[in-house]
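Engineer: Here is a sequence together with a model predicted from it:
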Amino acid sequence: MAKKAKKVKKAKTAARLTRMAAPAVILPAIDGPSPGTLVPIPPSNTFNQGLHSASEQTMLNAFGVPGQRTQDCSPATGAFKLRIVSRVNVGPFNVSGLDVAVASLVRVFADAIQQIPDVVAAVKTAGMLCVRHKRTNANSFSNHSWGSAIDIFFGSGVVPQGSNKTHRGCLQLAPFFNHHGWFWGAGFSGRSVDSMHFEVAEETIRNPHQ
């Protein structure tokens with residue numbers, strides 16, 4: 001009887017350890033190419049429908065001067081600084097940025113995880129808030145300056161600006177960003193095309209309650 005009781009106890013202990021080791025959420029396996037696979041940017045009329053990049057003037061009118069227009073990241077200053085929220089968990093990672101943009105980003109990833117959890121699990125960010133000028137125009141603020149834009153990527157490296165390729169994961173996430181009023185930087189032209197870049201669109205900034 002003592003041996004039987006000992007075997008039962010061992011079995012219960014093994015079952016308990018198995019349950020402890022199992023992940024709380026089991027995501028489906030990735031089918032086909034991984035989110036980090038490079039694919040061509042599709043025709044521009046297949047995304048960003050009715051959405052445009054927010055102009056510098058629109059951003060200045062809505063939020064004011066964010067800080068110094070430097071080459072590298074400088075801190076947000078003045079009254080605008082009060083609009084910045086820091087280290088907020090939006091699902092796959094933490095970000096710091098404009099309060100309304102961060103709240104919208106939470107909704108983007110919440111929707112995406114319902115349909116493409118493998119992609120959300122693999123996404124990485126190269127940053128959101130960064131007060132600086134545009135890489136292609138030193139006389140104009142980047143929309144990162146207001147923390148209303150985010151750069152995302154997959155795998156071990158980013159897709160450089162000016163490339164006509166994108167990570168498959170960015171292509172898969174683009175409809176979710178567009179749905180929530182974000183413009184995809186793959187819609188820029190020439191050397192400005194930036195497939196890792198997503199920003200709150202001009203129309204969303206102008207009509208935040210629509």
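Structural biologist: Received the coordinates, thanks. Numbers count the residues shown, from 1 in each chain.

Engineer: What residues of stretch 166-186 count as buried?
Structural biologist: Counting neighbours by 16 or more other Cβ atoms under 10 Å, one finds that the buried residues in stretch 166-186 are 166-178, 180-186. Bear in mind the C-beta positions are built from the backbone N, C-alpha and C, glycine included.

Engineer: how many neighbours does the nearest residue to A54 once chain neighbours are set aside have?
Structural biologist: Nearest non-adjacent residue to A54, counting by Cβ to Cβ, 6 or more residues apart in numbering: E202, 4.4 Å away. Neighbours of E202 under the rule other Cβ atoms under 10 Å: 17.

Engineer: doesn't T58 make contact with E202?
Structural biologist: Yes: contact criterion Cβ atoms under 8 Å: E202 and T58 qualify, at 5.7 Å.

Engineer: Could you list the low-confidence segments of this protein?
Structural biologist: 1-32, 210 (pLDDT under 70).

Engineer: can you do 50?
Structural biologist: For the chain, the stretches with pLDDT under 50 are 1-31.

Engineer: all helices of it, in order?
Structural biologist: 2-21, 56-63, 99-115, 117-122, 168-179, 202-206 (DSSP state H).

Engineer: Deepest-packed of the ones you listed, please.
Structural biologist: Among the helices of the chain, ranked by average contacts under mean count of other Cβ atoms under 10 Å, first place goes to helix 168-179 (a mean of 22).

Engineer: could I get that helix in CSV with only the CA atoms?
Structural biologist: Extracted C-alpha coordinates of helix 168-179, given in CSV (Å, rounded to 0.1, in the frame of the first residue of the first chain):
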residue,chain,number,x,y,z
ARG,A,168,6.1,40.4,-44.6
GLY,A,169,5.0,41.2,-41.0
CYS,A,170,4.7,44.9,-41.8
LEU,A,171,2.6,44.1,-44.8
GLN,A,172,0.3,41.9,-42.7
LEU,A,173,0.0,44.6,-40.0
ALA,A,174,-0.6,47.5,-42.4
PRO,A,175,-4.4,46.9,-42.7
PHE,A,176,-4.8,47.0,-38.9
PHE,A,177,-2.9,50.3,-38.8
ASN,A,178,-4.9,51.7,-41.7
HIS,A,179,-8.2,50.7,-40.0
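
Engineer: Give me the contact list for it.
Structural biologist: 33-39, 41-42, 47-49, 51, 108-109, 111-112, 116, 119-120, 122-123, 152-154, 159, 183-184, 186, 195-196, 198 (Cβ atoms under 8 Å, 6 or more residues apart in numbering).
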